[in-house]
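# Please work out how this folds:
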Amino acid sequence: MVSRAAGVQGLRKVNQGRGTVTLTHKAVPGATSYEMQQCVNGSNCTRYGQTYNIRSLPITVRLANKTQSTYTFRVRSNNSCGWGAYSNAVPVTLTTGPSPMCLTATSSRCDVALQWKRPANGGSGITSYNFEVMNSQGRW
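Okay, the predicted model is just below:
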C-alpha cells in the first residue's frame, strides 16, 4: 500500500551571501517532487518558485529586493498519494546596508556605466553591491 509522502527531514542553510541563501535537505524515499515555501516573519507563507526534484539540490533562493528582514523557509515532498508534512523551518535574516542614492545609468552600444552618491553615513558597513539586469522577458 502506498501512502502520502513522508515529511522532509534535515532542511538546512548551506550558505548565505548578499542577496542569496542556499538550502538543502535529505531525499524522501518515493517522493516525486518537492515544494518550498517562504514565510515572512514566521507567517504569511507562500510557495517559492516551482516544484523541483531531488536532483535540483541545493536550491539557491534570491533575497534581492526583499523588504522584510526575517524569512523562514520550509519544504514538503509529494508522491502519487499527496503532499507530506512540512519540514523544520529554517530562519534567514537579511544582511543589508544602506541603498545607493541617486542611481544613474549611461550606456553606449556595448557598455553601461552606473554612478551614485554615497549614503549619508559614508557607506559604513558596505562591503559590496549587487547589480541585477532584467532581460527582455522581464526576468532578473
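
# quick one: contacts for residue 34?
Residue 34 makes contacts with 8, 25, 28, 51, 52, 53, 54, 75, 76, 77, 78, as judged by CB atoms under 8 Å, 6 or more residues apart in numbering. Yep, even glycine has a C-beta here, placed from its N, CA and C like the rest.

# Lowest-scoring secondary structure element of this protein by mean pLDDT?
strand 101-107 (a mean of 71; mean pLDDT, DSSP states H and E).

# Name the nearest residue to the residue nearest the centre of the chain, ignoring sequence neighbours.
For the chain, the residue nearest the mean C-alpha position is residue 61 (2.1 Å; CA atoms, centre = their mean). Leaving aside its sequence neighbours, residue 61 sits nearest to residue 21 (CB to CB, 6 or more residues apart in numbering; 5.1 Å).

# Next, work out how far apart the closest residue to residue 69 other than its chain neighbours and residue 44 are.
Counting by CB to CB, 6+ apart, residue 69 lies nearest to residue 94, which is 5.2 Å off, once chain neighbours are set aside. Between residue 94 and residue 44 the computed distance is 16 Å (CB to CB, to the nearest Å).

# got it, and residue 63?
Taken as CB to CB, the span from residue 63 to residue 44 is 16 Å.

# the more surrounded of these two?
Per other CB atoms under 10 Å, whichever of residue 63 and residue 44 has more neighbours is residue 63, with 21 against 9.

# Okay, the more buried one and residue 5: tell me how far apart.
In terms of CB to CB, residue 63 sits 28 Å off from residue 5.
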